[in-house]
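J.: For reference, the sequence and a predicted model appear below.
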Amino acid sequence: MRLSYPSNIKIIFIPCTGKVDLIHLLRAFEKGADGVYVAGCLEGECHYNRGNIRARKRVEQAQEILESVGIGGERVQMYNLSSSEAPRFVQIAKEMTEKIAALGPNPIKLASDRKAA
Amino acid sequence: MNINILTLSEVQDIKGEKGNFDVEILKHPRYVDMEKCIACGTCFEKCPKKVDDEYNENLIKRKAIYVPYSQAVPLKYVIDREACIYFKKGKCRACEKFCPTEAIKFDEKEETTTLKVGSVILAPGFQTFDPTRYEALHYGKHPNVVTSLEFERMLSSTGPNLGHLKRPSDDKEPKKIAWLQCVGSRDINRCDNSYCSAVCCMYAIKQAVISKEHSDDPLDAAIFFMDMRTFGKDYELYYNKAKEDYGVRFIRSRVPAIDPDPENNDLIIRYSDEGGVTHKEKFDMVVLSVGLEISKETVQFAKGLGISLDDHSFAATHPLKPAHTSVPGIYASGLFTGPKDIPYAVIEASAAACAASMDISDARGTEVETKATPEERNVAEEDPRIGVFVCNCGTNIGGVVDVPHVADYAATLPRVVHVDQNLFSCSQDTQEKIKEVITENRLNRIVVAACSPKTHEPLFQETIQACGLNRYLFEMANIRNQDSWVHGDDHAAATEKAKDLVRMAVARASLLKPLTGKTILVNKRALVIGGGVSGMTAALGLAEQGFEVVIVEKEPRLGGLALEIERTIEGADVKDFLQELIVRMNRHPRIQVLTESLIVGFSGFKGNFTTEVLVGPGMYERKIDHGAAILATGANEYAPKEFLYGENEQVLTQIQLSKRLHEQGAAGLAHLAMIQCVGSRNEESPNCSRICCQNAIKNALHVKKLNPDTQVYIFYRDIRTYGILEDYYREARRLGVRFFRYDRDAPPRVESMDHGLVLTFRDHVLQRDIRLPVDILALSAGLRAEDTEELSSILKLGRNHDGYFTEAHVKLRPVEMASEGIFVCGTAHGPKLISESLSQAMAAASRAATFLSQAEITLPVVTAKVDQEKCASCLVCVRSCPYDVPRINEEGVSDIDEALCHGCGICASECPAKVIELNLYEDDQILSKVEALLEGVI
Amino acid sequence: MTEAKSAHVSGSVLVVGGGIAGMQSALDLADSGYFVYLVEKSPSIGGVMPQLDKTFPTNDCSM
């Protein structure tokens, strides 16, 4: 449908959100990502039964860790949508971009910028 | 590969006989060269002519050159000759002028070809009923009266409103929507479709539920119906959920009329309830639940081939030969043989495939092509030499992204030794060029920056495979669908994103490893569990296609529940049919029958199972090796605890009544009452048993035939004579069978008096209790699944709460279990008629044959593997796998059988020691993309 | 089968109609060793199902 969404979103494909690992999420922040979200199938419709439920739990874990180290748990989110919901995909991309813009850059990046300066 | 899809084509004539037909095909021109069209959409943009879009039920416009919808197969444009300006006025040719691949062919002509085939399957489909002729419904005159298919498009996120619910007259979000059932079904007054369309109740409930989910404000959804026919597997649960959890209102009423409100765009529904009282209610919008019917063109087509049709223009089939048309060698499926829902259409399609294959199994494999792959180059020892191909996709990418800049950038990335840019990477000549470049530069990893891997990855993989590279040494960067198409308003940002995506792809490509799926030999024998009509039909379906079959039955004789059944409602003799089946089973050289046998052990995987069976009264143990298994364990009639059953001998089940009628006739039988839904649709067993309404009517019609003076009373909750069975319901009413509806909470009461049985019930029309002495009370006891608790634990199979086996997918894989190589049919899957069981049995045979006909199968490469040296045996993988695949082996460490693994990767991400990796998605492969994306940020 | 098979039988099958039923028949036969001609009168296969928004009871999307 070629609906436009913010170009700062880059997609990494995995076979099921159940494959998303805590280290994948945390490494992104370590390397300076401002936000990460996991887009999985609707709950109850996982092709592999409950991969997306596990993904949600891991996202929640990542939120706790990010919160406790001061990066902010809000920066990582889980969304559920079906492959036919292009407008919702766009809405989520915009929503996440706005949320992250409001939070500002990843504090790790700021710290490293300061060090460099 | 072995399907030639001929679109825009029609069968003109079929000559010849079973095994050898000559088919004349007329192919209409597309006016677009399928080889050249790359579906870029430029022609669509430039075409000046707008016409109604039939995919969207004409609610919006499309162009004269179009693809029907964005996921269409084949994804190639077509010119609508009737609308095209050039064809009408002789000038325009805008599409031709702008097409970047010169694919437009205005001079293409009709072509006729003749094909030689052994069997024919007809699945010409249906059309929805056109309600324009019902003046009282105002369809076509009032914008807010729509058909259910139009409403389906309105709900769809790919539809005219992008999934936002709006009513047509003023784009207002509706707050109250009504559905009117049976429009163009069960109606002989205003149309000729006397049958029930079988799907409308369910789709109306679905639409009501989804509308409620779509609405921002609470939506009032009301369904006006005569009988709610949610007879399918677990459909009653869906109905109950809609009522109880979603608050959809169900209003039982006579055929309503619609009055437009002259003040505004609202609609007033006028209806009378069961007691005859008239009500009026206002709605924002009305959806007509239109029925399904066979089109005039299909009727003409079928008649031309000499196919007999029934009174409703459906293909005439025999209940015990559900896939056979009147012409030998020509089979039918789907809506063509009668109204049905998606799962049954899919089941019948496989059944027809089984029948078609049985005729020509000697010629199996004679006309198919197999592809030889060249020997693979060993690149394990080589350092990565990456080639990057950046695609312009005409102007699709090149018009937004600065492709030369991206290509230059790619050349600077580590391990990239060659970069090219192409106008169209997917074109045939570019594929050849890519092959040359790979060989010349000894490339061993390939990155294509172009469109979606979903559509094009297999093409490029075949190309690299053709020059000796393993197909998994390939990576795509989607710089079209995920970049140029969605960031067209900012060329600079799109170019930067393209560079990011290429850098990520190159990083991952460096870490790719060659992967080869393990091949396993397939044991050609099938095991069928259960020797009723379904099991026997499945066994014969496979044996007559040339496969060996072992059938295991726990009783001393074959036959199952059908042994208790005399005739089908259509009058087909089940006893004779069963005898013939048993004789064929016992005589067939490829079938072994094991009666009084019990399954006690099961191991292995698709293609190679071993089942342990205790055979015969001596219980000697036998091990059977087989490649596939079919479950046909069946069901039984429920033994009622209600209505004095077992206490008073005048109370019978329908099966007992049917036997009694065959043995003793109906002489002297003055009053016969029947109670429906005994042991179904209640707290203990919430689902509908599907077959009981027609069973009751079958026996009622039999009684009326034997003794027209017998008074027959049927107490029901909803009469569910779906499809053509509706004819028998109408016939029963015509013959004076009387139907009284009761509510679930107020069933008829039965008392055993000195002078006999007395029934007390509430008459809804008269609004008072009536006492009725009866000679026989027949209970429509539902079906209960055979006890398969032990079997399902031995085979590790899922069952629903009613004890029926759970298929892999309700709609798309209705005869397969989630474990590959295991299939299900008949009443083991859910309650169904004999004819439906036979279809499903043949379908199971067909699906099993797709498996058994292969010499070997290649397992998928995306599977999990354990680094066993480091495994701490913590059992996390064992517990987290959705399919119970990981096992702790003799060495005490986790073992994942790649033949059983589904490749979801859940175990890999759960493993606390990080010693499980999923092929193709190894942690360092995923992390390489994360790190490449964020390169230089910190 | 009791009746004698004719000397030469074709190993191809014609399927008329490219909706879900026709497609399923075609796939079964092609996967079990026959060549299939799938004849569809419209420009693309799929039939009515692609027009449906979601399907009951799972509410899966129909694509």
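T.: Structure received.

J.: Quickly list what C:Val36 is bridged to.
T.: Judged by DSSP bridges, the bridge partners of C:Val36 are B:Ile3, C:Val13.

J.: Does it touch C:Ala26 like I think?
T.: Yes - the pair C:Val36 / C:Ala26 is scored as a contact, 4.6 Å apart, by C-beta atoms under 8 Å. Every residue, glycine included, has its C-beta placed from N, CA and C.

J.: Quick check: nearest residue in space to whichever residue of chain C sits closest to chain B, chain neighbours excluded?
T.: With C-beta to the nearest C-beta as the measure, C:Ala21 is the residue of chain C nearest to chain B, at 3.0 Å. Nearest residue to C:Ala21 in three dimensions, chain neighbours excluded: B:Gly334, at 3.0 Å (C-beta to C-beta, 6 or more residues apart in numbering or on different chains).

J.: still on that earlier bit, could you tell me which residues touch both of C:Val36 and C:Ala26?
T.: B:Ile3, C:Val15 (C-beta atoms under 8 Å, 6 or more residues apart in numbering or on different chains).

J.: contact partners of the worst-scoring helix or strand of chain A on mean pLDDT?
T.: Least confident helix or strand of chain A, by mean pLDDT, DSSP states H and E, is helix A:107-116 with a mean of 86. Helix A:107-116 has contacts (C-beta under 8 Å, 6+ apart) with A:Phe29, A:Glu30, A:Gly32, A:Asp34, A:Gly70, A:Ile71, A:Gly72, B:Val937, B:Ile938.

J.: go with 10 Å
T.: For helix A:107-116, the surrounding residues in contact (C-beta atoms under 10 Å, 6 or more residues apart in numbering or on different chains) are A:29-34, A:69-72, A:75, A:104-106, B:934, B:937-938.

J.: Just those: which are in strands?
T.: Using DSSP state E, no member of the contacts of helix A:107-116 sits in strands.

J.: Can you flag the buried ones in the residues you listed?
T.: A:Phe29, A:Glu30, A:Lys31, A:Gly32, A:Ala33, A:Asp34, A:Ile71, A:Gly72, A:Arg75, A:Asn106, B:Leu934, B:Ile938 (16 or more other C-beta atoms under 10 Å in any protein chain shown).

J.: can those go into a markdown table with extra columns for distance to B:Arg690 and pLDDT?
T.: Shown next, in a markdown table, are those (distance: C-beta to C-beta, whole Å; pLDDT from 0 to 100):
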| residue | distance to B:Arg690 | pLDDT |
| --- | --- | --- |
| A:Phe29 | 54 | 97 |
| A:Glu30 | 57 | 96 |
| A:Lys31 | 58 | 96 |
| A:Gly32 | 60 | 95 |
| A:Ala33 | 54 | 96 |
| A:Asp34 | 56 | 97 |
| A:Ile71 | 57 | 95 |
| A:Gly72 | 55 | 94 |
| A:Arg75 | 52 | 97 |
| A:Asn106 | 58 | 95 |
| B:Leu934 | 57 | 96 |
| B:Ile938 | 63 | 86 |
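
J.: ok, C:Met23 - contacts?
T.: B:3, B:5, B:73, B:123, B:346, B:349, C:15, C:17, C:38, C:40, C:45-47, C:49.

J.: rerun that using 7 Å as the cut-off
T.: C:Ile45 (C-beta atoms under 7 Å, 6 or more residues apart in numbering or on different chains).

J.: one step back: buried sites along the least confident helix or strand of chain A?
T.: Buried residues in helix A:107-116, counted by 16+ other C-beta under 10 Å: A:Pro107, A:Ile108, A:Lys109.

J.: What's the separation between the spatially closest residue to B:Glu45 that is not a sequence neighbour and B:Ala781?
T.: Leaving out its chain neighbours, the residue that sits closest to B:Glu45 by C-beta to C-beta, 6+ apart is B:Phe98, at 7.9 Å. For B:Phe98, the distance to B:Ala781 equals 69 Å [C-beta to C-beta, to the nearest Å].

J.: For these two, indicate the residue with more neighbours.
T.: Between B:Phe98 and B:Ala781, counted using other C-beta atoms under 10 Å in any protein chain shown, B:Ala781 has the larger neighbour count: 27 against 16.

J.: Show the pLDDT at that one.
T.: pLDDT for B:Ala781: 97.

J.: What's the end-to-end length of stretch B:445-455?
T.: 20 Å (C-alpha to C-alpha, to the nearest Å).

J.: Average pLDDT for it, rounded please.
T.: On average, stretch B:445-455 scores 93.

J.: Now do that stretch: everything it contacts.
T.: B:384-391, B:393, B:406, B:425, B:438, B:456, B:460, B:464, B:473-481, B:498, B:501-502, B:505-506, B:509-510, B:512.

J.: go on, stretch A:25-43?
T.: Applying C-beta under 7 Å, 6+ apart, the contact partners of stretch A:25-43 are A:17, A:20, A:47, A:52-53, A:55, A:59, A:62, A:65-66, A:71, A:75-82, A:96, A:100, A:105-106, A:108-109, B:927, B:930-931, B:934, B:937-938.

J.: returning to what we had before: pull the helix or strand where the residue of chain C closest to chain B lies out as PDB, backbone CA atoms only.
T.: Secondary structure assignment for C:Ala21, by DSSP states H and E: helix C:20-31. What follows is helix C:20-31, C-alpha atoms only, in PDB (Å, rounded to 0.1, in the frame of the first residue of the first chain):
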ATOM      1  CA  ILE C  20      -9.200 -22.000  -2.700                       C
ATOM      2  CA  ALA C  21     -10.700 -25.300  -3.800                       C
ATOM      3  CA  GLY C  22      -9.000 -25.400  -7.200                       C
ATOM      4  CA  MET C  23      -5.700 -24.300  -5.800                       C
ATOM      5  CA  GLN C  24      -5.800 -27.000  -3.100                       C
ATOM      6  CA  SER C  25      -6.500 -29.700  -5.700                       C
ATOM      7  CA  ALA C  26      -3.700 -28.400  -7.900                       C
ATOM      8  CA  LEU C  27      -1.200 -28.300  -5.100                       C
ATOM      9  CA  ASP C  28      -2.100 -31.900  -3.900                       C
ATOM     10  CA  LEU C  29      -1.700 -33.300  -7.400                       C
ATOM     11  CA  ALA C  30       1.500 -31.400  -8.300                       C
ATOM     12  CA  ASP C  31       3.000 -32.500  -5.000                       C
END
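
J.: ranges for the helices of the stretch 701-850 of chain B?
T.: B:726-734, B:789-795, B:834-852 (DSSP state H, counting those that start in this stretch).

J.: Spit out the contact partners of B:Ala505.
T.: Here B:Ala505 is in contact with B:Val447, B:Ala449, B:Glu475, B:Met476, B:Ala477 (C-beta under 7 Å, 6+ apart).

J.: all helices for chain A, in order.
T.: For chain A, the helices defined by DSSP state H occupy A:22-30, A:51-68, A:86-103, A:107-116.

J.: By mean pLDDT, show me the worst of these.
T.: helix A:107-116 (a mean of 86).
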